[in-house]
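Quick one: sequence plus predicted model below, questions after.
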Amino acid sequence: VQLQASGGGSVQAGGSLRLSCAASGRTLSGYRIGWFRQAPGKERVFIANINWSVGDGSSNYADFVKGRFTISRDNAKNTMYLQMNSLKPEDTAVYYCAAKTLSSASYTYWGQGTQVTVSS
C-alpha cells in the first residue's frame, strides 16, 4: 500500500483546510486508516481513524480535535480526507496518513506527510 498525503498549507487561526490521502497498490478493504500529526520537537500523535469498509464507517477522534476535525473516505476514489475547521496555532504540525489491517496493533503503512501551519 502506498499513501500520498496532500492539501497542507498555511492558514490563519479560525480557518479551514482539507487534507487528502490517496491510496494505491491494493484495495484497503479490511483496513483501518487514520491521521496523525507531529509538531516540531514533539512526538507523533493520533488524530483520527476510520474503517475503510463501506459497511462500517466507525471513526474515532482524539479529544483535542473533536468537534473541529472530520475524517471521511471515498471508497470509489481510494482516498481519505481530514476536514479541519476552526484551526488553532497549536494545530501546526506535519500531518501523516496511515493504514493498518484491522488485526494489526500498529499502523503499517505511512504517507510522506504534509505541512500545516496556522498563524495567529
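Perfect, thanks for sending it.

What sits closest to the residue nearest the centre of the chain if chain neighbours are left out?
Centrality entry for the chain: nearest residue to the mean C-alpha point is W35, 2.6 Å, by C-alpha atoms, centre = their mean. Spatial nearest neighbour of W35, chain neighbours left out: I47 (4.3 Å); criterion: C-beta to C-beta, 6 or more residues apart in numbering. The way it works is simple: take the backbone N, C-alpha and C, and place the C-beta from them, glycine included.

cool, G7 as well?
Per C-beta to C-beta, 6+ apart, closest to G7 is L19, 4.1 Å.

Would you mark the buried spots in the helix or strand the one you found falls within?
Element membership for L19, per DSSP states H and E: strand 17-24. Neighbour counts over strand 17-24 (16 or more other C-beta atoms under 10 Å) mark L17, L19, S20, C21, A22, A23 as buried.

Report whether the expected contact of R68 with L82 is present.
No: with contact defined as C-beta atoms under 8 Å, R68 does not reach L82; the gap is 10.7 Å.

hang on, A39 packs against T92?
Yes: using C-beta under 8 Å, A39 makes contact with T92 at a distance of 6.4 Å.

what about the two, which has more around it?
Shown here are A39 and T92; by other C-beta atoms under 10 Å, T92 has more neighbours (17 against 14).
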